[in-house]
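# Need coordinates for the below:
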Amino acid sequence: MKSYEMRIKEKLLVLLEGDITECDTDAIVNAANEHLQLGGGVAGAIRRKGGPKIQEECNKLAPIKVGEAVITTGGNLKARYVIHAVGPRMGEGNEDEKLKNATLNSLRVASEKKLRSLAFCAISTGIFGYPMERCAKIMLKNTIQFLKEEESTLEKVVFCLYGEAAYKVFEDELKQTTCTDAKKKDK
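Coordinates of the predicted model:
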């Protein structure tokens, strides 16, 4: 299993190749649909491992809009909570802004709940068809900015990426972002 870490102020940003349902963080982020139905992909894995209680809570909160995020129990998962963030479907318009909102709203929900750790998946890159490279750029940029600028109880944010290819895209983007920031500081 691959991993990569970087410090942002006193906080830790971690890339991890693996199964998000196995993350031992306060919360994991589900790539949800507007109706919060735990069908396939990440949501299906959460339903299978977390048990029926998560879906029962989702049914009470649904529907939510693209870009929004809500929180439920983690059921039988290692994580105590699941934050359900609705990302964009490719081709619906304004996708980058919607993904940015889904990312930031997940971070805000975690902060409001006073959580210390959170694990993201690559939102919208499965059945919603969002390109992995764009996802990495938007999610990492906005998470780093949030950790630098926002008051938050979050101490650790993990991007748990399924498969080596997804991990590599996020790792390359994070290293490029880090190099760009270092160049800006040198000038």
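
# so where do the helices sit in the protein?
41-50, 52-61, 95-112, 132-149, 164-186 (DSSP state H).

# Take the ones you listed and write them to a markdown table, including distance to Thr21.
For glycine as for every other residue, the C-beta is placed from the backbone atoms N, C-alpha and C. Shown next, in a markdown table, are those (distance: least, Cβ to Cβ, whole Å):
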| stretch | distance to Thr21 |
| --- | --- |
| helix 41-50 | 5 |
| helix 52-61 | 11 |
| helix 95-112 | 16 |
| helix 132-149 | 19 |
| helix 164-186 | 16 |
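
# Relative to Leu36, how far out is Ala136?
From Ala136 over to Leu36 the distance is 25 Å, taken as Cβ to Cβ, to the nearest Å.

# swap in Pro52?
Pro52 sits 14 Å away from Leu36, going by Cβ to Cβ.

# The two: which is more packed in?
It is Leu36, of Pro52 and Leu36, that has more neighbours when counted by other Cβ atoms under 10 Å, with 22 against 11.

# give me every residue that touches the residue lying closest to Ile123 once chain neighbours are set aside.
Distance criterion Cβ to Cβ, 6 or more residues apart in numbering; nearest residue to Ile123, sequence neighbours excluded, is Gly87 at 3.9 Å. With contact set as Cβ atoms under 8 Å, 6 or more residues apart in numbering, Gly87 has these partners: Ala31, Ala32, Val66, Gly67, Lys98, Leu99, Ala102, Ile123, Ser124, Phe128, Tyr130.

# Understood, closing this out.
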